[in-house]
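Q: I would like to see how this sequence folds:
(2 chains)
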There are 2 protein chains.
Amino acid sequence: MTPSALLDTLAARLGPAQVLTAPDAMATHLAETRGLYQGRALAVLRPRDTGEVAFAVRACAAAGVPVVAQGGNTGLVGGGVPQGGIVLSLARLDRVRAVDPLNATLTVEAGCILARVQEEAERAGLLFPLSLASEGSCRIGGNLATNAGGTAVLAYGNARELVLGLEVVLADGQVWSGLKGLRKDNTGYDLRNLFIGSEGTLGIITAAVLKLFPRPASTATAWLGLASPHAALELFSHLRERAGGRLTAFEYVPRFGLEIVLRHAAGARRPLAGEHAGYALVELSSAGPDAPAELEAMLASALEADLAEDATIAASAAQAAALWSLRESLSEVQRHEGGSIKHDVAVPVSRVAEFLERATAACEADLPGVRVCAFGHLGDGNIHFNLTQPVGMDKAEFLALWPRFNRIVHDIVHAFDGSIAAEHGVGMIKRDELSRYKDPVALDLMRRLKQALDPQGLLNPGKVLVDPGKILAPRDEVPAPFPHGQT
Amino acid sequence: MTPSALLDTLAARLGPAQVLTAPDAMATHLAETRGLYQGRALAVLRPRDTGEVAFAVRACAAAGVPVVAQGGNTGLVGGGVPQGGIVLSLARLDRVRAVDPLNATLTVEAGCILARVQEEAERAGLLFPLSLASEGSCRIGGNLATNAGGTAVLAYGNARELVLGLEVVLADGQVWSGLKGLRKDNTGYDLRNLFIGSEGTLGIITAAVLKLFPRPASTATAWLGLASPHAALELFSHLRERAGGRLTAFEYVPRFGLEIVLRHAAGARRPLAGEHAGYALVELSSAGPDAPAELEAMLASALEADLAEDATIAASAAQAAALWSLRESLSEVQRHEGGSIKHDVAVPVSRVAEFLERATAACEADLPGVRVCAFGHLGDGNIHFNLTQPVGMDKAEFLALWPRFNRIVHDIVHAFDGSIAAEHGVGMIKRDELSRYKDPVALDLMRRLKQALDPQGLLNPGKVLVDPGKILAPRDEVPAPFPHGQT
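A: Below is the predicted model:
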């Protein structure tokens, strides 16, 4: 089938208005969030239900044309950037199929925006805890396809842990209807977790049964000033011991991080009088009304044990939001300081302070003046180990050092038994790094799975795996993994 | 290679004392817990480390001889029963490889007995929550291979949710070293969950990194008398709303269940003065000291709302143990009342009361006098829907009705979007039932995964999947799935 015959077939089923081919109409689907990549595609499809998705995938399979699934296109690793073929937008699959408060489940389609999923849970008197910066525009299908992390992983786990059932369109257009809302189900292999986190390379998630949780009756939020990352780790241990599962966030922000937030984020105010080497944002959630008093007692004992230098507890929801905003602005404000080279890594929690020291020293030794902005989910061992360019250095010249800093940072991560792709995924940006650091037996297993589920290699080719099979697009069609087009 | 040459090769590497061939020495490895099946094998191997496991699997692969991995051989579905080939006992791989309290992880080998894993966690000041009746003899490798459930799933999840990393010997003898202790790791496909729950048919788990949790500072246990399963469900909802993640157990016992425990279990005493249609065993765990007072307040409001008819809270650890013992004796005492036909099923929590009513009525209508003993993890929607024979009926005659009651019970489970294998797995006993009820697309995916990871079909053949490939043993070598040899 020729490409134009394929588009005709698709237009006949989906309607011509849902097969976008004009450059303007396709633009937002071909652009990548940070401007690191520019995609290209035959067309962008906007199916409205699972049947149309299956039809489109079947037609593409028959024509041998690649399919790249897209949710909100907010990913940070180039996983949704098409290199030809068809973009399949899940945006119109945005129905809530079922709410079952007693079973504590919500069945939603892949295109539902994450914030809406949170709202639907709240409407049922429950909590869907997945929470991340792009929640207003990312879509749940993309969150699941990438096994999204975020700030609530500490207490509730990654996206993977929040799913009971899935509906998936397979590479040949068959539909796996696995939308069960069961807490226990050992009827065979765990297909669900195979698709979650596979970044659209093994199947296309069209709907999911999500786990909901009781809403906490009260929460309390605090901001602490700390002497070092080691103190942060000791503080974390102290709080976890006392709070158990009620410790619902433990985020780390370095001095430089707070400085640039205060410099660039509108309305940001210094939360403590003095300056400290680092800061922790801590949240306690309780099934009872006493989270603030409980957190206050825990902080008092932490201050007494010299685990923190200073602390403040939010006295209102507005104050809590202001503290969270300091943390959440951090991703955005970095660009005001020039180029950023970013690493999304994890190490065992017990080694996170040691990792921060070692990696910081190594980067500073390599490029004097580089400003390490390492922040994030310390309680999960997950650090966004970002490097801000030295003041006055040429931005492009700095960004050209990306591969070199990858080697420095990822070598240390690897020596710490860590992960070079903690919560953002692999996509294109870490694909070649993965083939360097991942256990070769694991890579071989991944290739066998890819071959078993997508023998034609048509689902999101060029992502996650280097050369999963001869059928895939040759490597030279894939852009360099560390491009310098950052905006 | 002839079988005897294979055994010589194995004896040369493992030592002749670790290659058991005498019927007496092999007996416990060939017997099945409930006497439903009798296995047969060329030999039982007792390797002492991962290298020896890999060597043995490689040798068997070269010889085309099946390998059945065994942990404590406590499974209830015939999953560990060999039908020829080699039994590979993991019992001697019982080292604790690492304890990291700050990372809250424990790295153990597959042969560690579950109770010992719990003890090691306790020694580190932490909790490994997996808890089930056979914890004194089952081994962690088997718990993971079957994705074990148990009584702590409500708060902590199934075995699957308690694992961060795995080491696995693959069908060709390669070793996948995935022993990472990371809370976030999105470096490619989720291999871990593919092996967990695959019942030794995709690979042999030799070690794991387990997640540990803070130990609750206090727990409280109560026994409640209830008017009906519907009341049990309302009570569950009431408690979950108030306790959130602190509700660490919610078990259901019907009137008939308590009766037979009081009749047959040594030392069992009636926990409440009166009799009730059903009972709930409830546990609350708290990071603070006040679990008893908190549970008392919750029960008071439940009694006031008429969700329970009577309640008692354990006043001591001994009393709590006595209440738990009533629940845990239930599995054992059933045999004193004659034959039992057992079903391990799950439905959405919201439908569990309706399911109990419907399935009970259907069984009683089919065989007047049959005594339904449906109990278990109501908070997970997981019911052990067991049928005790009518008084005076011939036991063998009753057990011959197993396939007929499977059809009645499983048809209803299926209509409720439930699972016919909730926590015990598929093994042999539910293999053919699975091929009847499981979505054909899911079965096809399972076969493709089996083919991709074990193309020779040598890992635990005849289990989980009917006829996964032509290479497997023909079906007529597998015993009938509903044998009547129950003891």
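Q: Can you report how many residues neighbour residue A:80?
A: 31 (other C-beta atoms under 10 Å in any protein chain shown). Every residue, glycine included, has its C-beta placed from N, CA and C.
Q: mind listing what it touches?
A: Neighbouring residues of residue A:80 by C-beta atoms under 8 Å, 6 or more residues apart in numbering or on different chains: A:32, A:68-71, A:73, A:142, A:200, A:427.
Q: Apply 6 Å and report the result again.
A: A:70, A:73 (C-beta atoms under 6 Å, 6 or more residues apart in numbering or on different chains).
Q: Confirm that it sits in a helix.
A: No. Counting by DSSP: H, G, I helix; E, B strand; the rest coil, residue A:80 is not part of a helix but coil.
Q: so how far is chain B from residue A:455?
A: The gap separating residue A:455 from chain B is 9 Å, by C-beta to the nearest C-beta, to the nearest Å.
Q: next one: phi and psi at that residue?
A: The phi/psi pair for residue A:455 (degrees, to the nearest 10) reads phi -60, psi -30.
Q: Look up the pLDDT of it for me, please.
A: Per-residue confidence at residue A:455 stands at 97 (pLDDT).
Q: Count the neighbours of it for me.
A: 13.
Q: same check, this time on the one 3 residues further on
A: Around residue A:458 sit 24 other residues, with neighbours defined as other C-beta under 10 Å.
Q: how near is it to residue A:62?
A: 10 Å (C-beta to C-beta, to the nearest Å).
Q: Surely residue A:398 and residue A:339 touch.
A: Yes. At 4.6 Å, residue A:398 counts as touching residue A:339 under the criterion of C-beta atoms under 6 Å.
Q: Now the common contact residues for these two.
A: Common neighbours of residue A:398 and residue A:339 (C-beta under 6 Å, 6+ apart) are residue A:389.
Q: Need the three-state assignment for residue A:285.
A: strand.
Q: Can you name the residues that contact it?
A: By C-beta under 6 Å, 6+ apart, the contact set of residue A:285 is A:216, A:219, A:246, A:248.
Q: If we use 8 Å, what do you get?
A: Per C-beta under 8 Å, 6+ apart, neighbours of residue A:285: A:155, A:216, A:218-219, A:246, A:248, A:291.
Q: Which of these ranks first by neighbour count?
A: Of the contacts of residue A:285, with other C-beta under 10 Å as the count, residue A:246 tops at 29 neighbours.
Q: and that residue, what pLDDT?
A: Note for residue A:246: predicted pLDDT of 93.
Q: And it, its phi and psi?
A: Per degrees, to the nearest 10, the backbone of residue A:246 is at phi -80, psi -10.
Q: wait, doesn't it sit right on residue A:284?
A: Yes. Shown here, residue A:246 and residue A:284 form a contact pair, counting by C-beta atoms under 8 Å, at 5.5 Å.
Q: which neighbours do these two share?
A: Common neighbours of residue A:246 and residue A:284 (C-beta under 8 Å, 6+ apart) are A:291, A:294.
Q: Quick check: next helix or strand after the helix or strand that residue A:325 is a member of?
A: Using DSSP states H and E, the element containing residue A:325 is helix A:317-333. Using DSSP H and E, the helix or strand that follows helix A:317-333 in sequence is strand A:340-341.
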